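> Sharing a model that was predicted from the sequence below.
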There are 2 protein chains.
Amino acid sequence: MLHIHAAELQRFMKEVFIKVGVPNLDAEICAEILITSDLRGIESHGIGRLRMYVDRIMNGQIEAIARPETVKETGTTAVIDGHHGIGMVIAHQSMQLAIDKARKFGFGSVAVRNSTHFGIDGYYPLMAVREGLIGMSFTNARPSVAPTFSTQPLLGTNPIAFGAPTDEDFPFLFDAATSIIQRGKIEVLNRENKIANDGWVIDEQGNSKNNPQDILEDLVSSRSALLPLGGEGETYGGHKGYGLSTMVEILSSCLQSGAFLLSLTGIDSKGEPSRFKVGHFFLAINIENFLPIDEFKLNIGSLLRELRAANKVPGQERIYTAGEKEYLNEIYVREIGVPINNNLLKEILYIKEILQLDSLPEVGKINS
Amino acid sequence: MLHIHAAELQRFMKEVFIKVGVPNLDAEICAEILITSDLRGIESHGIGRLRMYVDRIMNGQIEAIARPETVKETGTTAVIDGHHGIGMVIAHQSMQLAIDKARKFGFGSVAVRNSTHFGIDGYYPLMAVREGLIGMSFTNARPSVAPTFSTQPLLGTNPIAFGAPTDEDFPFLFDAATSIIQRGKIEVLNRENKIANDGWVIDEQGNSKNNPQDILEDLVSSRSALLPLGGEGETYGGHKGYGLSTMVEILSSCLQSGAFLLSLTGIDSKGEPSRFKVGHFFLAINIENFLPIDEFKLNIGSLLRELRAANKVPGQERIYTAGEKEYLNEIYVREIGVPINNNLLKEILYIKEILQLDSLPEVGKINS
């Protein structure tokens, strides 16, 4: 497996965004959010998605220059229309606005419509955490998840992200799709030539599907669907994953009259690529409104340490809390570089070729 | 199966609370919250839990007269110490405070410590919905759920409730434990002489347990544990249920320096009953800060109708949205009465006897 230094990969991604017309500062934000995903080991949402952004900017589905517009604002709230700019830039600005409002009023919340894919959901709570606040972020996404008792992909993978500062070297960060697995995970399996487990994805008869290439194609044509967290039916709580996903879809669309469910396919009635119209919802909570920040940090740190000290299932060596594995991964990846498999290398070289970039990523920075 | 008219059962429960020293208006709130659970078909949290409240008030674990104290307050936030009063009364007052704050400032949030069991989580968002707002409610609970890779019950069933008004006859209401099943469900299985499914509860070796009586006893002695939503390990997203449960535990304790995890057993170091020290977190969102309420109601109604119209798994007749089954159940139960099985009837008669109530519930109102 090849590895590329994170800083080098980040620089490459920034140049790619600039090359397709993204302003310098915005390109920096995009590269920073994507590399954060690779550093945290969420391979589905980093360099592996770069080509998707390039393709969509080049075919006009995403505007290279983001011009988010505030359509309504109060002390604690705002509604923003993204006008189809890059989701990462729109989301970054929106979360910052929520943070500023929370500093003043205790709570800050921003609802966004007409945005596009915004990278890892967990990045935005981390912005709040860096300023000593609690952050939450929600987004809808292309239809891929079936409601309980349905085979039709209607809901997005609709993640929930929640971050809070602690007295440790790293924050608590929960960031997860409300489906068992997400589309990006299927893409990773595809690149790694692996198959999907039974009970993750169903076909039109409700039976499991396993071939990732088939799954990705069939998600678009509604002939396969991801299952909500908790799985099929209600026996193991599938209706809970479905309900959480619906909650995220509501927060990401109904507060700003944006698109939801089948309106998010990115394909128009003639089968041509169209706008994605993704919606987001950001929330920031000022801890100091409740108690001194250091008291909060000690409380949460103590709670997390008690969880990690729990009795283990025989054969298990360690119990983690949310965000811990990702923190450990970041230390490791900063040291050895971002792993780049053959299929991913092909995508990087493809991007390099179509954009006529000559020196990126530098060969000398690729380590085997 | 016997049935008792809901109004009659509600009146009985109110009299029981008054008999154990609860003030008249507070008793009314308690009976209203418990009957809401029975009406919605959540048998685990209604009349079936009445004896638990009676026992705990009589043994001093719960103060009959609730005296919640506001220890810190800002425009959008408040911290309340429940001083071990009845959770339902404390929570009702706290949610109302969050609603009042949201009306003024867009968001209202109240963090509560030293409370006790507050009935169904979903009741409190419904209070917000009745006033045209979005409501959320979180609570921790006695340790019963194991972290991923652990066999030790540390987390509570830690539910998430989210309610929003719609343009339909009933609101969207998500209300679910972040475990696959909750303790109350095991109690119901026990009363019905049924067994638990594989993959719901594990023993100290990580193997499934099925006998509900054993499970209930062993949860207290940490020899069995409920699994988080998503099940054991990470293959089907068990770490997501675990992470969501941790998020709820954080919101329910760290913002008010309240108790968490093993401090919530209700048993002291000598094995004697002690305070429960449950924590809650309430959030109200004023929709009008984002857009006109009727526009929101149309948006969410359209979204929910699109979900219900999805293609069905072969053999399935209907797709529901969260809160719909419970709404339909309420219509049915108001008509035929609350179902009372033999074990539940014994508990009602037991309560009647120890409290020396002579005419409740009236025999004539019990229908077979």
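On my side now, so go ahead. Numbering: from 1, shown residues only, chains lettered A, B, ... in the order given.

> how long is stretch A:251-271 end to end?
28 Å (Cα to Cα, to the nearest Å).

> Give me the mean pLDDT for that stretch.
Averaged across stretch A:251-271, the pLDDT comes to 94.

> Any buried residues in that stretch, and which?
A:251-261, A:263-266 (16 or more other Cβ atoms under 10 Å in any protein chain shown). C-beta here means a position set from N, CA and C on the backbone, and glycine is covered the same way.

> Show me the residues you listed that map onto helices.
A:Leu251 (DSSP state H).

> Can you classify the spatially closest residue to A:Pro171 that is not a sequence neighbour by secondary structure?
Leaving aside its chain neighbours, A:Pro171 sits nearest to A:Val129 (4.5 Å; criterion: Cβ to Cβ, 6 or more residues apart in numbering or on different chains). Under the three-state scheme (DSSP: H, G, I helix; E, B strand; the rest coil), A:Val129 adopts helix.

> on that earlier part again, from the buried residues of stretch A:251-271, pick the one nearest A:Ile65.
A:Gly266 (19.7 Å; Cβ to Cβ).

> Now do the same contact list for that closest one.
A:Gln61, A:Arg142, A:Pro273, A:Ser274, A:Arg275, A:Phe276 (Cβ atoms under 8 Å, 6 or more residues apart in numbering or on different chains).

> And A:Ile65, by the same measure?
Neighbours of A:Ile65 in contact, by Cβ under 8 Å, 6+ apart: A:Gly21, A:Val22, A:Pro23, A:Asp26, A:Gly85.

> By neighbours, which of the residues you listed wins?
A:Val22 (27 neighbours; other Cβ atoms under 10 Å in any protein chain shown).

> ok, that one - contacts?
A:Cys30, A:Ile57, A:Ala64, A:Ile65, A:Ile86, A:Val89.

> and the second one, what pLDDT?
Right, the one you point to is A:Ile57. pLDDT, read off for A:Ile57, is 96.

> which SSE is A:Phe282 in?
Element membership for A:Phe282 (DSSP states H and E) is strand A:278-285.

> Would you mind identifying the next helix or strand past that strand?
helix A:293-308.

> Can you tell me how far the residue nearest in space to the middle of chain A is from chain B?
Centroid-nearest residue in chain A, with Cα atoms, centre = their mean: A:Ile120, separated by 2.4 Å. Counting by Cβ to the nearest Cβ, to the nearest Å, the separation of A:Ile120 from chain B is 15 Å.

> Can you name the residues that contact the nearest residue to A:Val201 once chain neighbours are set aside?
By the measure of Cβ to Cβ, 6+ apart, the closest residue to A:Val201 outside its immediate chain neighbours is A:Lys209, 4.6 Å from it. Shown in contact with A:Lys209 (Cβ under 8 Å, 6+ apart): A:Ala196, A:Val201, A:Ile202, A:Asp203, A:Ile215, A:Asp218, A:Ser224.

> Out of these, give me the one that has the most neighbours.
Going by other Cβ under 10 Å, A:Val201 tops those with 29 neighbours.

> Bridge partners for that one, pull those for me.
A:Leu226 (DSSP bridges).

> And the pLDDT for it?
97.

> And the helix ranked longest in chain A, what's buried?
Identified as the longest helix of chain A according to DSSP H is helix A:87-105. By neighbour count with 16+ other Cβ under 10 Å, helix A:87-105 contains the buried residues A:87-99, A:101-103, A:105.

> buried set for the following helix or strand past that helix?
Per DSSP H and E, the first helix or strand lying C-terminal to helix A:87-105 is strand A:107-115. Neighbour-count burial for strand A:107-115 flags A:Phe107, A:Gly108, A:Ser109, A:Val110, A:Ala111, A:Val112, A:Arg113, A:Asn114, A:Ser115 (criterion: 16+ other Cβ under 10 Å).

> Find the pair from those residues with maximum spatial separation.
Applying Cβ to Cβ across the buried residues of strand A:107-115, the maximum distance is between A:Phe107 and A:Asn114, 24.2 Å.

> any chance of the contacts of A:Gly266 in JSON lines, plus secondary structure, neighbour count and distance to A:Ile293?
Formatted as JSON lines, those follow (DSSP: H, G, I helix; E, B strand; the rest coil; neighbours: other Cβ atoms under 10 Å in any protein chain shown; distance: Cβ to Cβ, whole Å):
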{"residue": "A:Gln61", "secondary structure": "coil", "neighbour count": "18", "distance to A:Ile293": "42"}
{"residue": "A:Arg142", "secondary structure": "coil", "neighbour count": "20", "distance to A:Ile293": "38"}
{"residue": "A:Pro273", "secondary structure": "strand", "neighbour count": "14", "distance to A:Ile293": "46"}
{"residue": "A:Ser274", "secondary structure": "coil", "neighbour count": "15", "distance to A:Ile293": "45"}
{"residue": "A:Arg275", "secondary structure": "coil", "neighbour count": "18", "distance to A:Ile293": "41"}
{"residue": "A:Phe276", "secondary structure": "coil", "neighbour count": "25", "distance to A:Ile293": "38"}
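
> Excluding sequence neighbours, find me the nearest residue to A:Leu50.
Nearest to A:Leu50 is A:Met13, by Cβ to Cβ, 6+ apart, at 5.9 Å.

> If we go by neighbour counts, what in the helix or strand encompassing the one you found is buried?
Using DSSP H and E, A:Met13 sits in helix A:6-19. Neighbour counts using 16+ other Cβ under 10 Å place A:6, A:8-19 of helix A:6-19 among the buried residues.

> Identify, from those residues, the entry nearest to chain B.
A:Ala6 (24.9 Å; Cβ to the nearest Cβ).

> Hmm, the closest one is touching A:Ile35, no?
Yes - here A:Ala6 reaches A:Ile35: they are 5.7 Å apart, a contact under Cβ atoms under 8 Å.

> Under the pLDDT cut-off, which ranges of chain A? List them.
Residue ranges of chain A with pLDDT under 70: A:359-368.

> Strands of that one, residue ranges please.
Assigned by DSSP state E, the strands in chain A fall at A:2-4, A:69-73, A:77-81, A:107-115, A:134-139, A:160-164, A:172-176, A:201-203, A:224-226, A:278-285, A:338-340, A:366-367.

> Tabulate those in JSON lines, adding columns for distance to A:Glu306.
Below are the strands of chain A laid out as JSON lines (distance: least, Cβ to Cβ, whole Å):
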{"stretch": "strand A:2-4", "distance to A:Glu306": "36"}
{"stretch": "strand A:69-73", "distance to A:Glu306": "41"}
{"stretch": "strand A:77-81", "distance to A:Glu306": "36"}
{"stretch": "strand A:107-115", "distance to A:Glu306": "28"}
{"stretch": "strand A:134-139", "distance to A:Glu306": "20"}
{"stretch": "strand A:160-164", "distance to A:Glu306": "16"}
{"stretch": "strand A:172-176", "distance to A:Glu306": "13"}
{"stretch": "strand A:201-203", "distance to A:Glu306": "36"}
{"stretch": "strand A:224-226", "distance to A:Glu306": "34"}
{"stretch": "strand A:278-285", "distance to A:Glu306": "23"}
{"stretch": "strand A:338-340", "distance to A:Glu306": "34"}
{"stretch": "strand A:366-367", "distance to A:Glu306": "40"}
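
> Quick check: can you list the domain ranges of chain A?
Domain segmentation of chain A under automatic domain parsing yields A:1-59+A:337-368, A:66-179+A:235-333, A:181-226.

> Can you say which of the ones you listed is nearest to B:Lys325?
Closest among the domains of chain A, using Cβ to Cβ: domain A:66-179+A:235-333, at 9.1 Å.

> Quick check: end-to-end length of that closest one?
Where domain A:66-179+A:235-333 begins and where it ends lie 31 Å apart, using Cα to Cα.

> Quick check: A:Ser253 vs A:Thr178, distance?
A:Ser253 sits at a distance of 15 Å from A:Thr178 (criterion: Cβ to Cβ, to the nearest Å).

> distance from the centroid: which residue in chain A tops it?
Max distance from the centre of chain A (Cα atoms, centre = their mean): A:Pro314, 33.4 Å.

> residues touching that one, list them.
Contacts of A:Pro314 by Cβ under 8 Å, 6+ apart are B:Gln205, B:Gly206.
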